[in-house]
Structures are given as C-alpha cells and as structure tokens.
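# Curious how this folds, go ahead:
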Amino acid sequence: MSLASVAPAVFLPALIFEIGIGAVTPMIALGGRELGASVGAAGLVLALLGVGQILGDVPAGALAARLGDRKAMLIAAAVAAVTLLGCAMARTLWQLALAVAATGATNAVFTLSRQSYLTEVIPTGLRARALSTLGGMSRVGAFVGPFIGAAVVHGRSARDVFWLALACTVVAGLVVLLVPDVAEPAQGASPRPAPVSVRSVVARHRRVFMTLGVAVLLVGSVRATRQAVLPLWAEHLGQDPSTTSIVFGIAGLVDTLTFYPSGKVMDWAGRLWIAVPSMLVLGLSQAVLPLTHGLVSLTVVAMLMGFGNGIGSGILMTLGADVAPPEARSQFLGGWRLCADSGSAGGPLVVSVFAGLGSLAAGIAAMGAVGVVAAAALLRWVPRYSPFATTGTRSRTPTPTQDSRAPSSPRCAPEEPPSAACAPGEAFYRFKMRLPGSGRCDDPEKS
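Numbers count the residues shown, from 1 in each chain. Prediction:
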C-alpha cells in the first residue's frame with residue numbers, strides 16, 4: 001500500500017472539507033458583527049468553533065468505534081451540512097453561535113475518523129508520512145480557504161462564505177460515499193470486539209495520558225498561540241491589517257511546504273528527530289518575537305514560527321497512532337485529541353491574561369518557554385511509550401507487517417497477553433507484534 005493509493009479516499013475528502021473550514025474561520029467573527037455583536041462577543045463566537053471541537057473529541061471516538069470510520073465520516077458530513085446551513089441562515093447571534101459550535105464538533109469526527117482509518121491500514125513504515133500528509137491537508141485548507149472565501153464574499157455579506165463551506169462539505173461527503181476505501185480495517189479471523197467506553201479506555205491508559213498526554217497538551221497550546229500572537233504583535237508594531245495578512249500568509253506558506261519532509265524524517269530516523277526540534281524552533285521563535293521592531297525582523301521570525309510548526313505536522317497524530325491500543329483505537333484517539341485541542345484552547349487564553357495585565361510581550365515569552373518545556377516533556381516520554389521514537393528504540397522493538405492491522409490478524413495473533421509490568425506502550429507492542437512460535441512478525445522491508 002502506498003500514499004497514492006489512499007489519497008482519493010482519505011486525503012481528498014479531508015482537503016475539501018478543510019478548505020471549507022479554512023474559508024469560514026476568518027469570517028465567523030465578521031458574521032457575528034453583521035448580526036449586531038460587539039467585538040468581544042464576535043470573538044467569542046469564533047472561539048466556539050474550537051470549543052465545539054473539544055466537546056466533539058470524545059463522542060467522535062465513541063461514534064467511530066461503534067459505527068466504523070467511514071459511516072462516522074458520512075454522518076459528520078451530513079450534520080456539518082445542516083450546521084453550516086444554519087450558519088448561513090442565522091438571523092440572531094445565538095443561532096450563529098450554536099451552529100458554529102456544532103460545526104466544530106463535526107470537524108472533530110471527520111478528522112478523527114480518517115486518522116483512525118489510516119492508523120489501521122497503513123504500514124508502520126509509512127505511518128508518519130501518511131499522518132503528516134493528513135495533517136498537511138488542514139494546513140493547505142487553512143492556507144487556501146481564506147483566499148477562496150475572500151473571492152466569494154467580495155462585495156457581499158461575510159456570511160455568504162458559509163455557502164462555500166456547505167458546498168465543500170457536500171462534495172467531501174460525496175467523495176467519501178462514492179470512493180471506496182482501499183482496504184477494510186480490522187479484518188481478521190476473530191469477530192470485531194464490542195466497543196468499550198471512552199472513559200474506561202482513558203482510565204486503563206491513564207499513565208499515558210498523565211505523562212505523554214500532558215506533553216501533547218503543551219504542544220497544542222504552543223501551536224495555537226502562534227496564530228494569536230503573530231497578528232497581535234504586528235498590530236503592536238503599528239503594521240496595517242493588509243501587511244499583517246501578508247506576513248501571516250508567508251508564514252503559512254512555509255508551514256504548508258514542510259509537512260511531507262517531516263513525515264519522511266519521522267519514518268526514517270524516529271519521532272523525536274521532528275518532535276523536539278519542532279517545539280524548540282517554535283518555542284524559541286515565539287520567545288524572541290517581542291524583540292522584533294520592524295517589518296523585516298517580524299517576517300523572519302514569522303517564517304521561523306511557520307517552519308517550526310510545519311515540520312511538526314502530524315506528530316501528535318503519529319504519536320497517538322503509535323501508542324493507541326488496537327482493540328480500542330478510536331476511543332483512545334478521542335481522548336488523545338481532547339488533550340491536544342484543550343491545549344489549543346488554553347494557549348491563547350494565557351496570552352490574553354498577560355495582555356489584560358498589561359504585558360503582551362510577557363505572555364508571548366511565557367508561551368515560548370512552554371514550547372521549551374514541551375520539547376523536554378517529549379524527549380522524556382516519547383521513548384518510553386513509542387517504539388518508533390528513535391532508530392535505537394526501533395531496533396529493540398519487533399517490526400509489524402503490513403498485514404498486522406489488528407490483534408485479530410492471523411499472521412500476528414498474540415502468543416500471550418502483555419505483561420502487566422510493562423509500560424503501556426511496550427505492552428501494546430508486545431501484544432500486537434508477536435507471532436506464534438517466533439516471538440515477532442516479519443520485517444515488511446524484507447517481505
């Protein structure tokens with residue numbers, strides 16, 4: 001299986017859907033203003049898109065586990081079409097707010113379903129490239145969507161952009177419906193196990209969430225802060241909105257161009273070779289942002305921030321795929337995404353608190369320090385739970401075959417249950433990768 005073979009069923013609908021989300025994101029606040037909202041209230045409506053995604057993370061995992069990834073995506077597309085229609089036709093601010101929050105929840109389902117599917121069917125030697133490309137689709141959508149949205153709303157109401165997002169959602173849903181998946185996940189001799197609750201899965205793997213999950217939360221907070229502090233500091237320097245948009249677009253272009261090379265490095269050298277440098281570059285570049293005093297220095301630092309964020313594309317999804325238990329993958333990934341999205345909501349809030357106290361620069365520098373802490377946390381916990389942290393951890397771990405997509409696979413059926421003394425990630429891979437009578441699976445690079 002190659003990335004090209006899964007592109008029509010996985011990457012194409014994700015790209016189309018994310019273009020729609022990318023188009024509406026900068027227009028939500030303006031739509032609220034058109035309905036009579038104050039600046040603060042309009043900003044709150046925009047924040048509800050992220051709040052909806054947080055609220056949808058755990059139900060998304062449960063839905064995908066119960067119905068399957070494909071059906072969950074179709075349901076998400078159908079519900080998103082209704083919520084976006086509600087956004088376009090809203091006549092009051094509270095109607096728009098509810099519709100925006102619901103749209104965020106559908107985005108959680110759509111993204112998690114494709115992540116779970118890719119984790120099951122893609123060979124582990126391509127996992128990071130596949131998930132980095134999936135993460136890159138959201139970056140491309142966020143970069144291209146606003147330009148298409150600007151063309152749609154030129155001389156018209158800002159809320160007309162929701163019709164564009166509605167069309168993108170319908171097309172994405174049709175692609176999911178008409179283009180078959182290249183492989184059905186979890187096919188094996190044993191019947192599919194009954195779904196378990198997300199709460200029980202999180203409780204069973206609480207050590208992972210309390211250690212590596214905290215690192216994921218920190219990464220999410222630093223990434224989200226980048227999008228908030230750059231325009232705020234540009235305004236502080238006296239740059240006009242059009243110049244700020246250009247600087248932001250240049251940083252977004254650098255971000256978009258680096259997602260695939262980072263996936264190759266993670267597959268070849270290990271996850272840490274991207275995870276740690278990504279957070280160090282992003283954190284340190286944010287820390288020096290308050291030292292910029294003109295357009296040139298601002299642009300250079302913005303490009304560094306885009307580079308740091310771009311090379312980390314897909315790292316959280318890849319780590320989640322590495323440590324997720326195969327018998328409850330969707331539920332685990334729902335909790336995993338909750339960690340990341342909670343950080344995304346909390347990071348800009350920290351900057352807002354510092355700004356409210358009178359020092360925007362201190363808030364930016366504080367989140368830069370959080371980036372360095374996140375790098376240290378990843379360096380500490382990724383090798384413990386992910387067998388693909390470095391080439392060293394990989395050499396000590398049996399390599400699964402392309403066919404080992406679930407614990408019920410006939411080639412990789414477990415010889416014995418994992419030892420309770422093992423760390424969660426190590427136990428998971430012992431459970432998944434042992435072959436009867438051999439103790440390991442075949443090497444896919446030699447098959």
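# Roughly how far does the closest residue to Ala355 other than its chain neighbours sit from Ala29?
Leaving aside its sequence neighbours, Ala355 sits nearest to Gly363 (Cβ to Cβ, 6 or more residues apart in numbering; 5.6 Å). C-beta: built from backbone N, CA, C; applies to glycine. Distance of Gly363 to Ala29, given as Cβ to Cβ, to the nearest Å: 21 Å.
# who has more neighbours, these two?
Regarding Gly363 and Ala29, a neighbour count based on other Cβ atoms under 10 Å identifies Gly363 as having more, with 25 against 19.
# all helices of the stretch 301-447 of the chain, in order?
Assigned by DSSP state H, counting those that start in this stretch, the stretch 301-447 of the chain shows helices spanning 315-323, 329-356, 360-385, 391-395, 424-433.
# Compare those and give me the one nearest Gly173.
Among the helices of the stretch 301-447 of the chain, helix 329-356 comes nearest to Gly173, with 19.7 Å by Cβ to Cβ.
# tell me what that closest one is packed against?
helix 39-67, helix 93-121, helix 198-204, helix 206-236, helix 315-323, helix 360-385 (3 or more Cβ pairs under 8 Å, 6 or more residues apart in numbering; DSSP states H and E).
# buried sites along it?
329-348, 350-351, 354-355 (16 or more other Cβ atoms under 10 Å).
# for stretch 204-224, same thing?
Here stretch 204-224 shows 205, 208-209, 211-224 as buried, counting by 16+ other Cβ under 10 Å.
# The residue lying closest to Ala165 once chain neighbours are set aside: neighbouring residues, count only.
Spatially, and ignoring its direct neighbours in sequence, Ala165 is nearest to Gly20 (3.6 Å; Cβ to Cβ, 6+ apart). Neighbourhood size, Gly20 [other Cβ under 10 Å]: 28.
# how near is Gly20 to Asn309?
Taken as Cβ to Cβ, the span from Gly20 to Asn309 is 22 Å.
# so where's the protein shaky on pLDDT?
Applying pLDDT under 70 to the chain picks out residues 1, 39-40, 183-195, 394-447.
# any chance of the helices and strands packed on helix 329-356 in TSV, plus distance to Leu164?
Below are the helices and strands packed on helix 329-356 laid out as TSV (distance: least, Cβ to Cβ, whole Å):
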stretch	distance to Leu164
helix 39-67	16
helix 93-121	13
helix 198-204	33
helix 206-236	21
helix 315-323	27
helix 360-385	33
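# So Met266 is in contact with Gly125, correct?
No. If you go by Cβ atoms under 8 Å, Met266 and Gly125 don't touch, sitting 10.9 Å apart.
# out of the two, which sits in the busier spot?
More crowded of Met266 and Gly125, by other Cβ under 10 Å: Met266, with 28 against 16.
# How about the contacts made by the more buried one?
Shown in contact with Met266 (Cβ atoms under 8 Å, 6 or more residues apart in numbering): Ala128, Arg129, Ser132, Trp273, Ile274, Gly314, Ile315, Thr318, Phe388.
# try it again with 7 Å
By Cβ atoms under 7 Å, 6 or more residues apart in numbering, the contact set of Met266 is Ala128, Ile274, Thr318.
# shouldn't the last one be in contact with Leu126?
I take that to be Thr318. No. Using Cβ atoms under 7 Å, Thr318 makes no contact with Leu126, being 10.9 Å away.
# Please identify which of the two sits among more neighbours.
Between Thr318 and Leu126, counting by other Cβ under 10 Å, Thr318 is the more crowded of the two (28 against 20).
# how far away is that one from Thr124?
Distance from Thr318 to Thr124, by Cβ to Cβ: 10 Å.
# okay, now Val152: neighbour count?
Using other Cβ under 10 Å: Val152 sits among 18 other residues.
# nearest residue to it other than its sequence neighbours?
If the residues on either side of it in the chain are set aside, Val152 comes closest to Leu164, at 4.9 Å by Cβ to Cβ, 6+ apart.
# Relative to the whole chain's centre, how far out is the strand or helix carrying Ser262?
Here Ser262 sits within helix 259-269, counting by DSSP states H and E. Here the centre of helix 259-269 is set off from its chain's centre by 16 Å, with Cα atoms, centre = their mean, to the nearest Å.
# And stretch 222-239, by the same measure?
With Cα atoms, centre = their mean as the basis, the distance from the averaged C-alpha position of stretch 222-239 to the chain average is 21 Å.
# Could you do stretch 315-329 as well?
In terms of Cα atoms, centre = their mean, the gap separating the centre of stretch 315-329 from the centre of its chain is 13 Å.
# same thing with stretch 247-254?
With Cα atoms, centre = their mean, you get 19 Å for stretch 247-254.
# about what we covered before: please verify my assumption that the residue nearest to Ala355 contacts Leu349.
No. The criterion here is Cβ under 7 Å, and Gly363 misses it with Leu349 at 9.9 Å.
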